[in-house]
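J.: Build me a model from this:
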Amino acid sequence: MRQFQFSFKGKEALVRELRKINQWSRTKIYSHMLFQVFMEDPDRETAGLVMDEIKKELPEAMVFGCSTNGQVMNGELSKHKVGITCTVFEYPTTRVQIMQYELTTETEEAVTADLLRILSENDWVTAIELLVTIRGMSMTGFSDRLRDARSDIAIFGGGAFNADMNSDDACVFSSVGGYAERGVIFVLMGGEDLHVETTYITGWKPLGRELEITRVKDSVLYEIEKRPAYDTYFRYLNIENDEHFFENTLEFPFIFDHNGIQLLRAPTASMGNGALLMTSDMYEGDMARIAYGDPETILREVANGIRKLNRFAPEVIKLYSCGARRTFWGTEVSRETAPFQLLAPTSGFFTSGEFLRTKGHLNQHNVTLVVGALREGEAPEHSTMPSLEDAGMSFSGRVSMVNRLATFIQAATEELEAANRKLGTMAISDGMTRLYNRMEIQRRITEAVKEPTQSVSLIMMDVDDFKKVNDTYGHAEGDQVLIRLAEMLKRTIDKSAPGGVAGRWGGEEFMVLLQGIDQTRASELAEQMRVNFSEIEFGLCGHRTMSLGVAEFRPGETADAFAMRVDDRLYKAKKSGKNCVVCE
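T.: Residues are numbered from 1 along each chain as shown. Predicted coordinates:
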């Protein structure tokens, strides 16, 4: 595999570069020649000119490209508005195919279905590089459908962008589909000698406690913990809702777990109603934290990524880096991209969103650096790790002040959250039996019968002659009876009625709430509990028995009336001679 990189400096200079490649190719054997064009402005004329000249000079070459927020050439941020790479695949077994579609909310299902069909018919495909126009469009459905692609296929790429980060204008283009303002390009690659390795780098650290996303629609985040989303930035960071909002929040995106990995999302604007316009979709019910970007932490993660890729021994590296990272770094953005050039020719662009398939899911990233590495043939047995100092990546060994503070805040937050969880558990639990207390089991019964869509049943039980146990053998023995009864209830519910819950109703009385279980099945469970308890041998008082009542919820009755009915069944069990189950 061989790669040529150069900037577009006009038609004549382009032709000279293309003829150099043409002259080189005449003495070489290769299977495919693939040009990728990056340009900061969505310019139909420039895209057409470049594709036309490539076709004239190298008729068999394939071309694809998109508009960007800047391009990386030879690992560095390019000073020119248009960059071009030419990747030459030299192995005859390597195969490359470009597909282009119009992509809108209305067409995304058909597009992904057609791609999946093609993949099922072509088992040679092992990687897909994608370029897509995504501004103003939810990509959740698009990404979710592509998880059905064959599990061994790597997918990576980025969203077309614009030099003006506030503009939605973008384009993709290719030699098979031309110029499109709304579209997606898939570059299918494969063959037995083509190898692909992917990874992603964030470097942002979570801060503070988890916050629940309580209202969101696609990329508009309305509420966090039932308060306007903007309040989070003002409350915790004192960031005003003014013209500097984007720059001030850039260092503090949200970080949350999704599909088994951590994703970042940065707000691009705060709306008048307190909602935040995010860089990509978020998901209701997810738990997010504010994260902080620290340069040294980011560079350490870059170094780890380079060490990983070094073992792969790439011949070409493709970078898809969020435009927000370029803004974060400013003029020093090449500090995190240049080190990759130590391994192999490195090119890429700054995106409106990054895509990477991880753990079977195609995820849309933000504020993230996605890396795709390519190689033809087997990796050498021994590869020397280049000196990262050659790319200005020297680490003193000291942890930065910001990193230490972030670690301290995170550790303190985790300790506080653990303490709060313990307090929360204590507030709803019975101290002796560890079952739910009276207040909590009552609350759960009330919730269960509000608008039931399935059967709801109660089992209420009382240890027979429990006062005699306390009076004869002491309260310590009585406590053991209650504790082991509670343990038996947990085991029986876990095994025979998953989803059921038990609580201590008071003294030696216990209540079990069963949802999706009718009275007949509840009576069978009650009998099972009665037998299980009677088989327990206690240290001093030997075997004990209990009486049980069973009732099923009747539409229209209150939770209190329901509890009184099961209590009446228990009373009848006691009157019937104890050690029995009574139902309606």
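J.: The stretch 351-500 of the chain: strands as residue ranges?
T.: For the stretch 351-500 of the chain, applying DSSP state E, counting those that start in this stretch gives strands covering 354-358, 361-365, 369-376, 456-463.
J.: Which of those strands has the highest mean neighbour count?
T.: Counting by mean count of other Cβ atoms under 10 Å, strand 456-463 has the highest mean neighbour count of those, with a mean of 25. Just so you know, the C-beta spots here come from the backbone N, C-alpha and C atoms, and that holds for glycine as well.
J.: Check which helices and strands that strand sits against.
T.: Judged by 3 or more Cβ pairs under 8 Å, 6 or more residues apart in numbering; DSSP states H and E, the packing partners of strand 456-463 are helix 475-496, strand 509-515, helix 519-534, strand 546-552, helix 559-575.
J.: relative to helix 519-534, how tilted is that strand?
T.: Relative orientation of strand 456-463 versus helix 519-534 (axes from the mean of the first three to the mean of the last three Cα atoms, to 10 degrees): 20 degrees.
J.: if we can go back for a sec, just say which of the helices and strands packed on strand 456-463 is most tucked in.
T.: Scoring those by mean neighbour count under mean count of other Cβ under 10 Å gives strand 546-552 as the most buried, with a mean of 25.
J.: And the contacts of it?
T.: The contact list for strand 546-552 (Cβ atoms under 8 Å, 6 or more residues apart in numbering) reads 455-464, 485, 518-519, 522-523, 526-527, 529-530, 533-534, 562, 565-574, 578-584.
J.: hmm, back to that, which stretch among the helices and strands packed on strand 456-463 comes nearest Leu146?
T.: Leu146 lies closest, by Cβ to Cβ, to one member of these: strand 509-515, at 37.0 Å.
J.: strands paired with that closest one, and their directions?
T.: Counting by DSSP bridges, the strands paired with strand 509-515 are strand 456-463 (antiparallel), strand 501-506 (antiparallel).
J.: Please work out the average pLDDT along it.
T.: Here strand 509-515 scores 97 as its mean pLDDT.
J.: Report the beta-bridge partners for the residue nearest to the spatial centre of the chain.
T.: Centroid-nearest residue in the chain: His258, 2.0 Å away (criterion: Cα atoms, centre = their mean). Counting by DSSP bridges, His258 is bridged to Ile261.
J.: just to revisit the earlier point, got a markdown table for the strands of the stretch 351-500 of the chain, with mean pLDDT and distance to Tyr230 too?
T.: A markdown table is the format used below for the strands of the stretch 351-500 of the chain (pLDDT from 0 to 100; distance: least, Cβ to Cβ, whole Å):
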| stretch | mean pLDDT | distance to Tyr230 |
| --- | --- | --- |
| strand 354-358 | 97 | 25 |
| strand 361-365 | 95 | 23 |
| strand 369-376 | 98 | 28 |
| strand 456-463 | 96 | 41 |
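J.: Make JSON lines out of those and add distance to Lys205.
T.: Formatted as JSON lines, these follow (distance: least, Cβ to Cβ, whole Å):
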{"stretch": "strand 354-358", "distance to Lys205": "19"}
{"stretch": "strand 361-365", "distance to Lys205": "16"}
{"stretch": "strand 369-376", "distance to Lys205": "16"}
{"stretch": "strand 456-463", "distance to Lys205": "46"}
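J.: how about the ones you listed, which one is nearest Lys11?
T.: Among these, strand 369-376 comes nearest to Lys11, with 29.7 Å by Cβ to Cβ.
J.: so what secondary structure elements neighbour the closest one?
T.: Taking 3+ Cβ pairs under 8 Å, 6+ apart as the contact cut, strand 369-376 packs with strand 125-132, strand 154-159, strand 194-201, helix 295-312, strand 316-322, strand 354-358.
J.: Ile98 falls within a strand, correct?
T.: Yes - assignment of Ile98 by DSSP: H, G, I helix; E, B strand; the rest coil places it within a strand.
J.: Could you check how far it is from Asp43?
T.: According to Cβ to Cβ, to the nearest Å, Ile98 stands 20 Å off from Asp43.
J.: Wait, Glu67 touches Ala170, no?
T.: Quick fix: residue 67 is Ser, not Glu. Yes - the criterion here is Cβ atoms under 8 Å, and Ser67 meets it with Ala170 at 5.0 Å.
J.: Not counting sequence-adjacent ones, nearest residue to Tyr222?
T.: Nearest residue to Tyr222, sequence neighbours excluded (Cβ to Cβ, 6 or more residues apart in numbering): Arg215, at 4.1 Å.
J.: before we move on, what about Glu225?
T.: Leaving aside its sequence neighbours, Glu225 sits nearest to Glu212 (Cβ to Cβ, 6+ apart; 5.3 Å).
J.: Which positions in the helix or strand where the one you found lies come out as buried?
T.: Per DSSP states H and E: Glu212 is located in strand 204-217. Buried residues in strand 204-217, counted by 16 or more other Cβ atoms under 10 Å: 204-209, 211, 213, 215-216.
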